[in-house]
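Visitor: need a 3D model of the following:
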Amino acid sequence: MLQRIQSVFLFFSSIITLIMIFFVPIFEIESKEMFASDFLWAKVFLFISAFLSLISINLYKSRKKQILLCSFSRTQITIALILLLFMYKKELNVKLELLLFAIPYLLLILSSYFIKKDEKLVKSSERIR
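Guide: Next comes the predicted model:
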């Protein structure tokens with residue numbers, strides 16, 4: 001069912017991740033703003049995260065796979081953030097917008113929570129039968 005709250009969280013997580021890649025400056029060097037799209041590996045991991053979130057929406061019948069894809073998506077965001085902070089921070093000034101990486105991460109945590117809640121509901125209804 002695509003109208004569940006976790007589907008909304010997954011959708012917004014993927015949209016915000018894609019917006020962060022192209023429209024949110026994360027570094028500044030010599031008064032020039034740099035975006036995540038300027039860093040190849042960070043961009044790849046963020047695209048993977050957004051793609052996994054969108055795929056996870058369509059796996060509503062298999063909640064365990066959905067939880068697994070949410071976890072992988074969170075891992076991809078973490079890897080991208082680590083790459084940006086530790087590999088490129090030496091030459092660049094970090095902007096406050098880098099903290100926006102927490103928004104899709106939190107949305108993925110919320111979606112995992114609600115998926116687990118649905119799983120418990122299904123298991124309890126199966127016990128009643």
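Visitor: where's the residue most central in space within the chain relative to residue 28, distance?
Guide: The chain has residue 104 as the residue nearest its centroid, 4.4 Å off, counting by Cα atoms, centre = their mean. Using Cβ to Cβ, to the nearest Å, residue 104 is found at 22 Å from residue 28. The way it works is simple: take the backbone N, C-alpha and C, and place the C-beta from them, glycine included.
Visitor: and the longest helix along the chain, what does it pack against?
Guide: Of all the segments assigned as helix in the chain under DSSP state H, the longest by residue count is helix 102-128. Helices and strands touching helix 102-128, by 3 or more Cβ pairs under 8 Å, 6 or more residues apart in numbering; DSSP states H and E, are helix 5-23, helix 40-57, helix 63-82.
Visitor: picking that back up, surely the residue nearest to the centre of the chain and residue 18 touch.
Guide: No - with contact defined as Cβ atoms under 8 Å, residue 104 does not count as touching residue 18 (9.5 Å).
Visitor: which residues do these two both contact?
Guide: The overlap between the contact sets of residue 104 and residue 18 (Cβ atoms under 8 Å, 6 or more residues apart in numbering) is empty.
Visitor: perfect, that will be all.
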